[in-house]
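**Q** sharing a model prediction with you, sequence too.
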Amino acid sequence: MCYSSITLQPYRLNCRESSLRLSILISHLAKSQFTVEQLTGDLFGNRRAKVLKRFKNGTTRVLICSDVLSRGVDVDAVDCVVNYDLPKNDRLFVHRAGRTGRAGNTGYVLSLAEGEARKIFVKNVLRKNGLWVNSEEVVIENEVLEPHLNRYKEALGHLKKTFEKKNATGKKNKVSGFAYRKKSRYQAIKEKIKLRAKKK
């Protein structure tokens, strides 16, 4: 399970867009080795249930969530939660971390941070809540990252092209249904009801 926000200039991202972008990025990096899906506020009803079912039965290996939606995620066998984007406060961190290690299972939380963001996270979240004792800090050296840098840059390039193409064509987001029409959930439900009425 991955909580996300990814910055790609010149875009300003909301939760829905950042989850989709991270989903595309990870899918490209995975090169079909595993399935990646996203769970956002635009996904509801049967479509949301199907995504959760695939995650629960292991068909989907990586589930990217926004904090808003993750409250409804109740899956016992989540091995690891990845904070790709650091939570804004300690309450949110504890909530995210609570998605793993359920029902007596072992779970891990991986938080990616560097520089000032890391210092603030350690002080205001981990130390404040007594979590630093059980934490292990792993510094990833440049020589470890360098062999993967070209693949990452290529994936970012793919991501940028994908969104430029979608913005140019004005197509709706196939994953969440209403994301690129900029409709609220209420508007989306209302439209769905109207469409059903027309079919009758």
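**A** That came in fine, so what should we check first?
**Q** can you count the residues close to Lys198?
**A** Per other C-beta atoms under 10 Å, the neighbour tally for Lys198 reads 7. Bear in mind the C-beta positions are built from the backbone N, C-alpha and C, glycine included.
**Q** wait, a helix at it?
**A** Yes: assigned with DSSP: H, G, I helix; E, B strand; the rest coil, Lys198 falls within a helix.
**Q** state the phi and psi torsions of Arg127.
**A** phi -70, psi -40 (degrees, to the nearest 10).
**Q** count of neighbours near it?
**A** As a burial measure, Arg127 scores 14 neighbours (other C-beta under 10 Å).
**Q** measure it to Lys119 for me?
**A** Distance of Arg127 to Lys119, given as C-beta to C-beta, to the nearest Å: 11 Å.
**Q** next one: Arg54
**A** In terms of C-beta to C-beta, Arg54 sits 38 Å off from Lys119.
**Q** the more surrounded of those two?
**A** Each of Arg54 and Lys119 has its neighbours counted (other C-beta under 10 Å); Arg54 has more, 15 against 11.
**Q** now that one: closest residue in space that isn't a chain neighbour?
**A** Among residues not flanking Arg54 along the chain, Thr60 sits closest, at 4.2 Å (C-beta to C-beta, 6 or more residues apart in numbering).
**Q** element containing that neighbour, please.
**A** Using DSSP states H and E, Thr60 falls within no helix or strand.
**Q** so what are the domain limits for this protein?
**A** Per the TED database, the structural domains of the chain span 4-139, 142-199.
**Q** buried deepest among those, which one?
**A** Among these, domain 4-139 has the highest mean neighbour count (mean count of other C-beta atoms under 10 Å), at a mean of 16.
**Q** quick revisit: dump the domains of the chain into JSON lines; add mean pLDDT as well.
**A** Shown next, in JSON lines, are the domains of the chain (pLDDT from 0 to 100):
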{"stretch": "domain 4-139", "mean pLDDT": "77"}
{"stretch": "domain 142-199", "mean pLDDT": "70"}
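**Q** ok, Arg127 - contacts?
**A** For Arg127, no contacting residues are found, by C-beta atoms under 8 Å, 6 or more residues apart in numbering.
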